[in-house]
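Novice: Provided below for reference: sequence and predicted model.
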Amino acid sequence: MTYRVVVIPGDGIGPEVVAAALGVLRKAAAKGGVNIEYEHCLAGGAALDQCGEPLPAATVAAAKAADAVLLGAVGGPKWDGVAPHLRAEKAILGLRKALGLYANLRPVRVWDALAPHSPLKAEAVAGADILIVRELSGGIYYGARKEAHVADAPDEAWDTEIYTAPEIERIVRVACRAARLRRKRVTSVDKANVLATSRLWRTVAERTAAAFPDVRLDHLYVDNCAMQLVLAPKNFDVIVTGNLFGDILSDEAAVLAGSIGLLPSASLGDGPGLYEPIHGSAPDIAGQGVANPIGCILSAAMLLRHSLDAKAAADAIEQAVEAVLAEGYRTADLYRPGLTRLSTEEMARRIEEEI
Ligand SMILES: NC(=O)C1=CN([C@@H]2O[C@H](COP(=O)(O)OP(=O)(O)OC[C@H]3O[C@@H](n4cnc5c(N)ncnc54)[C@H](O)[C@@H]3O)[C@@H](O)[C@H]2O)C=CC1
Ligand SMILES: CC(C)CC(=O)C(=O)O
Ligand SMILES: [Mg+2]
């Protein structure tokens, strides 16, 4: 059988990390006997430049027909001035919606080789292993908003957060199922002391988790969670939360790992999955060959595991990443004197060799 993977490099460092990840994916797939055909598609600023819209219908159609999608990142200052409906970031939100991707899995793993160099206390982060389960197709990113993009100066704007019980139920179920394969703890994060959506979230989370008696559910307000994540990360197993809170907390959790360039993600629904590093297009370092490709490479491993049923190939990538870090190879974001500094491309080649 031949799998079909749509590749969307996007903007900024997106094409750099995707090229790196593709090399590693090809190597792991070849070694594991997994046949993959690739189709490159446009989205984001690159699509805006070439087609006049951030998410061409052809990209959506190709993604829907594929087994999985590998994406870099979209957006950047070049396109920040366009009308809101043309923003490059609309591509990512549109693609997630079109593919029905409601569950965003963001594993945060602190590699042994990196804990000693953490900006946080090494003993606090060493061994931390958290899975953030972020609701991805609802919440404030998708609610109605008033946004003035007229010539007159605006003096009011609003965004709306709507969550329904079925949306909360299905994401809490994902979190509880994931916890069963881990340390059987789910922390549901909300702002139920203020927000109506959060009070619904808490009630539905309780009700849903009751069907998983072997899983311990607790609740934290998001502000406290933000603090506990850096103070006592080892107290967390699975975190389940809404779209906005999950977006913010996962960037924060990247500090535990050492760099946002390390964190992968899988966005899952009932059809093809979308795999992307959690970072954005990093315009400040784009084009310099210094971006850390490991988040995108580990996203490719998640793609193999979740969409192509290729566990051995996924494991091979993760083991190679661990080995290369243990051997002291680092991109600029994690470089320290005494270690070996590699470019984006060199890091990918080193991981390929390790596989
Ligand atoms: N999924 C996506 O396509 C996302 C797109 N964006 C877009 O990306 C653009 C830039 O957003 P920012 O807020 O600056 O977030 P960002 O994640 O692109 O960058 C934040 C910081 O992390 C660094 N960084 C990010 N990825 C890195 C990597 N692989 N290796 C080393 N350092 C890395 C950057 O250099 C920067 O200092 C914006 O247009 C934003 O809307 C932001 C987040 C996600
Ligand atoms: C367009 C944004 C919602 C993308 C983002 O920051 C993310 O999904 O992490
Ligand atoms: Mg984000």
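Specialist: On my side now, so go ahead. Please read these numbers as outputs of a predicted model, since none were measured by experiment. Ligands and ions are numbered 1, 2, ... in the order given.

Novice: what's the weakest-modelled helix or strand in this protein?
Specialist: Of all regular secondary-structure elements in the chain, judged by mean pLDDT, DSSP states H and E, the least confident is strand 145-146 with a mean of 88.

Novice: From the contact counts, what lies against that one?
Specialist: Strand 145-146 is packed against strand 158-159, with contacts defined by 3 or more Cβ pairs under 8 Å, 6 or more residues apart in numbering; DSSP states H and E. In this view, the C-beta of every residue, glycine as well, is placed from N, C-alpha and C.

Novice: Wondering if the strand it packs on reaches ligand 2 at all.
Specialist: No. If you take Cβ under 6 Å from any ligand atom as the test, strand 158-159 misses ligand 2, and the best it gets is 12.7 Å.

Novice: what's the least confident helix or strand of the chain in contact with?
Specialist: Outside strand 145-146, the residues that touch it by Cβ atoms under 8 Å, 6 or more residues apart in numbering are E156, A157, W158, D159, T160.

Novice: Briefly note if it comes near ligand 2.
Specialist: No. Strand 145-146 lies out of reach of ligand 2 by Cβ under 6 Å from any ligand atom, never closer than 13.5 Å.

Novice: That strand: partners in the sheet, and parallel or antiparallel?
Specialist: Strand 145-146 has the following sheet partners, assigned by DSSP bridges: strand 158-159 (antiparallel).

Novice: What's the mean pLDDT across the partner strand?
Specialist: For strand 158-159, the mean pLDDT works out to 93.

Novice: starting at the chain centroid, how far to it?
Specialist: 25 Å (Cα atoms, centre = their mean, to the nearest Å).

Novice: Could you point out the helix or strand that follows it?
Specialist: Downstream of strand 158-159, the first helix or strand assigned by DSSP states H and E is helix 165-180.

Novice: mind listing what's buried in that following helix?
Specialist: Neighbour-count burial for helix 165-180 flags E167, I168, I171, V172, R173, V174, A175, C176, A178, A179 (criterion: 16 or more other Cβ atoms under 10 Å).

Novice: Apart from its chain neighbours, what residue comes closest to whichever residue of the chain sits closest to ligand 2?
Specialist: Closest residue of the chain to ligand 2, Cβ to the nearest ligand atom: E89 (3.9 Å). Once flanking residues are discounted, E89 sits nearest to G75: 5.0 Å by Cβ to Cβ, 6 or more residues apart in numbering.

Novice: State whether that neighbour is indeed within a strand.
Specialist: No. Assessed with DSSP: H, G, I helix; E, B strand; the rest coil, G75 is coil; it does not lie in a strand.

Novice: Now the residue of the stretch 201-350 of the chain found nearest ligand 1. Nearest residue, chain neighbours left out?
Specialist: Taking Cβ to the nearest ligand atom, ligand 1 has its nearest neighbour within the stretch 201-350 of the chain at G280, 2.3 Å off. The spatial neighbour of G280 that comes closest, neighbours along the chain excluded (Cβ to Cβ, 6+ apart), is A73 at 4.9 Å.

Novice: Now the longest helix anywhere in the chain - C-alpha only, CSV.
Specialist: As assigned by DSSP state H, the longest helix anywhere in the chain is helix 14-32. Extracted C-alpha coordinates of helix 14-32, given in CSV (Å, rounded to 0.1, in the frame of the first residue of the first chain):
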residue,chain,number,x,y,z
GLY,A,14,8.4,26.6,7.6
PRO,A,15,10.1,25.5,4.3
GLU,A,16,13.4,25.0,6.1
VAL,A,17,12.1,22.8,8.9
VAL,A,18,9.8,20.9,6.5
ALA,A,19,12.7,20.1,4.1
ALA,A,20,14.6,18.8,7.1
ALA,A,21,11.7,16.7,8.3
LEU,A,22,11.0,15.3,4.9
GLY,A,23,14.6,14.0,4.6
VAL,A,24,14.2,12.2,8.0
LEU,A,25,10.7,11.0,7.1
ARG,A,26,11.9,9.5,3.8
LYS,A,27,14.8,7.8,5.6
ALA,A,28,12.7,6.3,8.4
ALA,A,29,9.9,5.3,5.9
ALA,A,30,12.4,3.6,3.6
LYS,A,31,14.0,1.7,6.5
GLY,A,32,10.6,0.7,7.8
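
Novice: Okay then, goodbye and thanks.
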